[in-house]
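Q: Give me a model of this one.
(one chain, ligands or ions: 1)
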Amino acid sequence: MISTFLQASSLEEALRQKAEYGSSSMFIAGGTEINRLRTSVHCSTVISLKKLGLNQIVKSGTSCTIGSCSTFQSLVESAEIPAYLKESARYCGSLQRRNMATIGGNVVLQRDDSYLMPTLVAAKARLLLANLDQDGALCEENIPIREYLGSKEHFVDSLLLAVILNKPTRFVSSLRFARTVQSPAAVTLALGADLSSGSAHDVRICAAVKGSGLFRLPEQEEAISNGTYEALDKELTFSIPSVQFVDDATGSQRYKRYMLGTGLAMLFRLCVESIGKGGAS
Ligand SMILES: Cc1cc2nc3c(=O)[nH]c(=O)nc-3n(C[C@H](O)[C@H](O)[C@H](O)COP(=O)(O)OP(=O)(O)OC[C@H]3O[C@@H](n4cnc5c(N)ncnc54)[C@H](O)[C@@H]3O)c2cc1C
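A: This is a model prediction of the structure:
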């Protein structure tokens, strides 16, 4: 239960408060997960990021820097945000929640039904993180999102400042399979590729599968990059040793495996059709 609410007025103060209260504390952005019934995160102290000015979306040259406290709705409404990310933000079907939920909160949670993570990984987004060094001074780190994916523990005390998109011509597309727009997704999947050479290379495929987690599909990434992936319509059988599909309310193991394969075939087809057309999808 939350008993202490702290309002940070600078990045340094937020990080100092986090260091002081330790594992019993959390940053709070939109609060949609922290305050959710049966939330996945628990703490007694929250440190509000509201007054830190982290809600700006700034385009500079070919790079778009999205402040971590930008809400899903601000992504949908911004002229600077590529269509593929707006589409993922709309996977959150509730307007009230889109007005509160932030991109930063979504990235940090790395949920197995994540709205944005598959797309951000496919887009090869970068993350700007802040920590305090040994002298208490602010230090920033700019890392690829793939490094963040799955290494949650390493960044547990970091403050996420921004998500950076700096590949404006990259093809990126995603799919979400859920019973209704308001229901949790069984599978959310995204594929990204550089098509500038006339074929797909630098491929990233990321999936969120309910009950299994959030993961990349390296074998399929490589097969597409090497031009050996031909399954445009086929059902694919996934043998990813570390991934266990589970039966739950969103669907059976078989259904999830099937949707992952079919979804990948659909995204691959879109990717192939985009070759030679240029621009982000
Ligand atoms: C009914 C309901 C259904 C939902 N369904 C989904 C779903 O299907 N898919 C999905 O992905 N999400 C879902 N969510 C969760 C949530 O709405 C989103 O994930 C949202 O993007 C979380 O952002 P937030 O700002 O509200 O996070 P908060 O609740 O404020 O914080 C969530 C976590 O992120 C940390 N955090 C937040 N910002 C930062 C930062 N800048 N730096 C470091 N740590 C930070 C917090 O400490 C906390 O651990 C659902 C929520 C509700 C209430």
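Q: and the stretch 151-281 of the chain, which residues reach the ligand?
A: Within the stretch 151-281 of the chain, the residues that sit near the ligand (CB under 6 Å from any ligand atom) are 159-160, 184-185. All C-beta atoms are positioned from the backbone trio N, CA, C, and that covers glycine.
Q: one more time with 5 Å
A: Residues of the stretch 151-281 of the chain found near the ligand (CB under 5 Å from any ligand atom) are 159-160, 184.
Q: Which one (most neighbours) among those?
A: Leu159 (26 neighbours; other CB atoms under 10 Å).
Q: Okay, buried residues for stretch 66-80 please.
A: 66-76, 78 (16 or more other CB atoms under 10 Å).
Q: Those residues also near the ligand: which ones?
A: Contacts with the ligand within those, counted by CB under 5 Å from any ligand atom: Ser68.
Q: and the two most separated of the buried residues of stretch 66-80?
A: Across the buried residues of stretch 66-80, no pair lies farther apart than Ser68 and Val76, at 16.8 Å, counting by CB to CB.
Q: Which segments of the protein make up each domain?
A: Domain segmentation of the chain under automatic domain parsing yields 4-109+125-165, 171-274.
Q: Name the residue of this protein that lies nearest to the ligand.
A: Nearest to the ligand in the chain, going by CB to the nearest ligand atom, is Gly105, at a distance of 2.2 Å.
Q: what's the following helix or strand after the helix or strand hosting that residue?
A: Element membership for Gly105, per DSSP states H and E: helix 103-109. Toward the C-terminus, helix 103-109 is succeeded by helix 117-122 as the next helix or strand (DSSP H and E).
Q: now whichever helix or strand comes after that next one: how far from the chain's centre is it?
A: Once the chain leaves helix 117-122, the next helix or strand it forms, by DSSP H and E, is strand 126-132. Using CA atoms, centre = their mean, to the nearest Å, the distance from the centre of strand 126-132 to the centre of the chain it belongs to is 16 Å.
Q: For the helix or strand following strand 126-132, could you pull out the residues that count as buried?
A: Per DSSP H and E, the first helix or strand lying C-terminal to strand 126-132 is strand 138-144. For strand 138-144, the buried set under the neighbour-count rule, 16+ other CB under 10 Å, is empty.
Q: Please apply the same query to stretch 245-257.
A: Using 16+ other CB under 10 Å as the test for burial, stretch 245-257 gives 245, 250-251, 256-257.
Q: From these, pick the one nearest Ile34.
A: Nearest member of the buried residues of stretch 245-257 to Ile34, counting by CB to CB, is Thr250, at 23.1 Å.
Q: isn't the closest one right next to Ser183, touching?
A: Yes - the criterion here is CB atoms under 8 Å, and Thr250 meets it with Ser183 at 7.3 Å.
Q: Tell me which of the residues of the stretch 151-281 of the chain next to the ligand fall in strands.
A: Using DSSP state E, the members of those that fall within strands are 159-160.
Q: Let's have the buried residues of stretch 245-257 in a markdown table, adding secondary structure and pLDDT.
A: As requested, the buried residues of stretch 245-257 are exported to a markdown table (DSSP: H, G, I helix; E, B strand; the rest coil; pLDDT from 0 to 100):
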| residue | secondary structure | pLDDT |
| --- | --- | --- |
| Phe245 | coil | 92 |
| Thr250 | coil | 97 |
| Gly251 | strand | 96 |
| Lys256 | helix | 93 |
| Arg257 | helix | 90 |
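Q: Find the pair from the residues you listed with maximum spatial separation.
A: Largest separation among those by CB to CB: Thr250 and Arg257, giving 12.9 Å.
Q: That's all I had, so thanks and see you.
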